[in-house]
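[1] Sequence first, predicted coordinates after that:
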Amino acid sequence: MKREKGGVCAPTGFMAAHTAGHIKYENRDDCAMIYSQTPCVTAATFTSNVVKAAPVLFDRDIVRSEKKVSAVVVNTGIANAATGKLGLNICSEEAAATKQALKLPADEEVLVASTGVIGAQVPLDKICDAIRVMSEKLVRTEEEGTAASEAIKTTDTHGKQVAVSFEIGGKEVTIGAMAKGSGMIHPNMCTMLSFVMTDCAITKELLQSALSETVADTYNMISVDGDMSTNDSCFLLANGMAKNPLISEKDDSYETFVEALGIVNRYLAESMAEDGEGATKLLECRVVHADTTEHAKTLAKSVIESNLTKAAVFGNDANWGRIFCALGYSGVSFDPERTDIYVGRGLSIEEETGLYISHEELPAALDLRLVENGMATGYDEEEATAILSSKHVVVTCDMKAGSASAAAYGCDLTHEYVNINADYRS
């Protein structure tokens, strides 16, 4: 398995385009399109928020059917959420305009995605104009894939993309992806849009199984601010153009695909947490030696969701009491007098990608033990401050209760987060 350059254009048969549709923003690109030369089987996961945006409802019906998908259209700036029947009609019109522009047959579908301000309507004339422009600009280049990833940003400070290749049945298979997400990020199909493309030949059933399996340990283990949006969507499209033997059962080929998909989704999930609104560092919590995996996940998420812990990390303050407290109110029963807490420096996301698939395989990052058996160790405050000043802070909680483990990802809480969200609509 190796890291490849680019994102959505890395797999065979996928092309991309971008443009300035003037949906909300001026003087910047705000629309993107992904197109597959061969129709794709499709899987997806969507927000668990009861309030679901029109694109989520529209796309969900397509993904649940047996229909194949040839294109995806994305706009930023306006979410098309809480827009009623008109919002669904806009989705249908977008898809129809895309089919017409790309000359797609009637049985090939188009997915649409939107992100931005809730309650506003996507201007139909502008998005259809953008679709026509993008349909004529589609190319398969690393540069265009990168430009597409930049075009779908809202408050993101940079585009997010990744690609890996691996072998199945003697054929090279590639997964390439792009995503956006910076604010309103919270577990349970987080606030984000993720577009994962692959040339792997795999059944629709197993494609969905692989996505659901990896989402549980990646996107659903991050949080920036505890707010879950109306538009969360992760799409996985497979066009089969790698010509590998069809993956139709959960064998070694399936496990290889899941491993690669996990690397891609983990990279994008960590990138969102690292790029949280106003954030200056990535905060990771690893819980080890828990009694069950479910409990390990709950404990880890409780730490990275704690505003007091996040604020302490921003201030480079080794206030382990905040961490201990977050473990205590997580709802998981454990023995505080057996618990150890460490802080350490983590690798950069780039260093990790392609080298590790799970937190169990990562370097321990146990630079300094703050708590041993529930009590302070008398650690050096200056050393602790230096560790907490790093760009990737790892908190490790050893529960000494079993063999289960989990990792969750968040970021520090800064003054800038408030500034960004105080005037988001303007």
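    Cool, the structure landed. Residues are numbered from 1 along each chain as shown.
[2] what ranges of the stretch 251-400 of the chain fall below the confidence cut-off?
    352-364 (pLDDT under 70).
[3] rerun that using 90 as the cut-off
    273, 275-278, 346-367 (pLDDT under 90).
[4] so where do the strands sit in it?
    282-290, 340-345, 368-372, 375-376, 392-398 (DSSP state E, counting those that start in this stretch).
[5] Just say which of those is most tucked in.
    When you average the neighbours per residue for each of the strands of the stretch 251-400 of the chain (mean count of other C-beta atoms under 10 Å), strand 282-290 leads with a mean of 26. Any C-beta I mention is one placed from the backbone N, CA and C, and that applies to glycine too.
[6] got the angle between that strand and strand 392-398?
    Orientation check (axes from the mean of the first three to the mean of the last three C-alpha atoms, to 10 degrees): strand 282-290 against strand 392-398 gives 20 degrees.
[7] Could you name the helices and strands sitting against strand 282-290?
    helix 252-274, helix 293-305, helix 307-314, strand 392-398, strand 404-411 (3 or more C-beta pairs under 8 Å, 6 or more residues apart in numbering; DSSP states H and E).
[8] circling back to that earlier point, now the strands of the stretch 251-400 of the chain as a markdown table including distance to Ser302?
    Output for the strands of the stretch 251-400 of the chain, formatted as a markdown table (distance: least, C-beta to C-beta, whole Å):
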| stretch | distance to Ser302 |
| --- | --- |
| strand 282-290 | 8 |
| strand 340-345 | 13 |
| strand 368-372 | 16 |
| strand 375-376 | 21 |
| strand 392-398 | 10 |
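[9] contacting residues for Phe324?
    Pro336, Thr339, Ile341, Val371, Gly374 (C-beta atoms under 8 Å, 6 or more residues apart in numbering).
[10] ok, the second one to Leu370 distance?
    Note on Thr339: its distance to Leu370, by C-beta to C-beta, to the nearest Å, is 11 Å.
[11] quick one on the thing from earlier: would you mind giving the helices and strands packed on strand 282-290 as CSV with distance to Val162 added?
    Shown next, in CSV, are the helices and strands packed on strand 282-290 (distance: least, C-beta to C-beta, whole Å):
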stretch, distance to Val162
helix 252-274, 4
helix 293-305, 22
helix 307-314, 25
strand 392-398, 17
strand 404-411, 15
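[12] quick one, which of these is nearest to Asp107?
    Among the helices and strands packed on strand 282-290, helix 252-274 comes nearest to Asp107, with 26.3 Å by C-beta to C-beta.
[13] Check the offset of that closest one from the chain's centre.
    For helix 252-274, the distance from its own C-alpha centre to the chain's C-alpha centre is 10 Å (C-alpha atoms, centre = their mean, to the nearest Å).
[14] orientation of it relative to helix 293-305 in degrees?
    20 degrees.
[15] can you dump the C-alpha coordinates of helix 252-274 into CSV?
    C-alpha atoms of helix 252-274 as CSV (Å, rounded to 0.1, in the frame of the first residue of the first chain):
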residue,chain,number,x,y,z
ASP,A,252,-8.8,-11.2,2.0
SER,A,253,-9.4,-8.8,-0.9
TYR,A,254,-12.3,-7.2,1.0
GLU,A,255,-10.1,-6.8,4.1
THR,A,256,-7.4,-5.2,2.0
PHE,A,257,-9.9,-2.7,0.6
VAL,A,258,-11.3,-1.9,4.1
GLU,A,259,-7.8,-1.3,5.4
ALA,A,260,-7.0,1.2,2.6
LEU,A,261,-10.4,2.9,3.0
GLY,A,262,-9.7,3.2,6.7
ILE,A,263,-6.4,5.0,5.9
VAL,A,264,-8.2,7.4,3.6
ASN,A,265,-11.1,8.2,5.9
ARG,A,266,-8.8,8.5,8.9
TYR,A,267,-6.6,11.0,7.1
LEU,A,268,-9.6,13.1,6.2
ALA,A,269,-11.2,12.9,9.6
GLU,A,270,-8.0,14.0,11.4
SER,A,271,-7.5,16.7,8.8
MET,A,272,-11.0,18.1,9.8
ALA,A,273,-10.2,18.0,13.5
GLU,A,274,-6.8,19.6,12.9
